[in-house]
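>>> Take a look and give me a structure for this.
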Amino acid sequence: MLENCHNAKERWGGVSDLIDRWLKSRQQLIVHYCELSGIEEASRTGPGVQEKFEQLCEGLLDYVSAGHFEIYEQLIREAKEFDDGGLELAAKIYPRIEQTTGVALNFNDRLDGGSLASGDLAVLFDELSKLGENLETRFELEDFLIEHLHNVHAEKVMSSA
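The predicted structure is shown next:
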């Protein structure tokens with residue numbers, strides 16, 4: 001997952017400050033995820049575990065929000081400006097991204113801002129793998145949209161300059 005993040009940053013880094021910040025946020029989200037997924041079973045109820053989940057969820061919400069309220073809006077705006085089939089593509093991909101948003105928000109809601117018992121932590125750890133698969137799907141869909149709605153337009157702008 002982290003390697004894919006680096007590949008995306010190499011492909012799109014520098015194209016847009018907004019996308020750069022978002023990809024950096026994605027990378028930080030992956031770091032938080034890996035920290036939690038690397039905790040051995042015997043240490044899963046130890047000190048600091050809930051705080052790690054809170055950091056993951058905070059990064060998750062920030063990342064998902066930035067995607068929906070900044071990145072996707074920019075991509076849709078570009079698709080409208082170029083009117084080259086991008087809106088239709090976005091209409092096909094966006095519902096799949098919405099599904100991943102639901103999984104992310106449900107995971108976050110389990111934390112619910114309160115103190116977690118060891119049983120609650122066990123449930124979160126059980127769902128962590130599902131969240132990771134969900135994030136990987138989301139990242140692939142987002143990368144596809146960026147490549148087909150943003151990069152293609154950047155190339156058109158460069159070629160017409």
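
>>> can you give me the helices for this protein?
Secondary structure of the chain (DSSP state H): helices at 2-12, 17-37, 49-66, 72-82, 86-111, 118-145, 152-160.

>>> Between those, which one is closest to S43.
helix 49-66 (7.5 Å; CB to CB). All C-beta spots, glycine's among them, are computed from the backbone N, C-alpha and C.

>>> before we move on, the earlier item: make CSV out of the helices of the chain and add mean neighbour count.
Formatted as CSV, the helices of the chain follow (neighbours: other CB atoms under 10 Å):
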stretch, mean neighbour count
helix 2-12, 14
helix 17-37, 17
helix 49-66, 17
helix 72-82, 16
helix 86-111, 15
helix 118-145, 16
helix 152-160, 11
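
>>> would you turn those helices into a markdown table with mean pLDDT and distance to S43?
Below are those laid out as a markdown table (pLDDT from 0 to 100; distance: least, CB to CB, whole Å):
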| stretch | mean pLDDT | distance to S43 |
| --- | --- | --- |
| helix 2-12 | 54 | 22 |
| helix 17-37 | 92 | 11 |
| helix 49-66 | 94 | 8 |
| helix 72-82 | 84 | 38 |
| helix 86-111 | 93 | 19 |
| helix 118-145 | 92 | 11 |
| helix 152-160 | 55 | 46 |
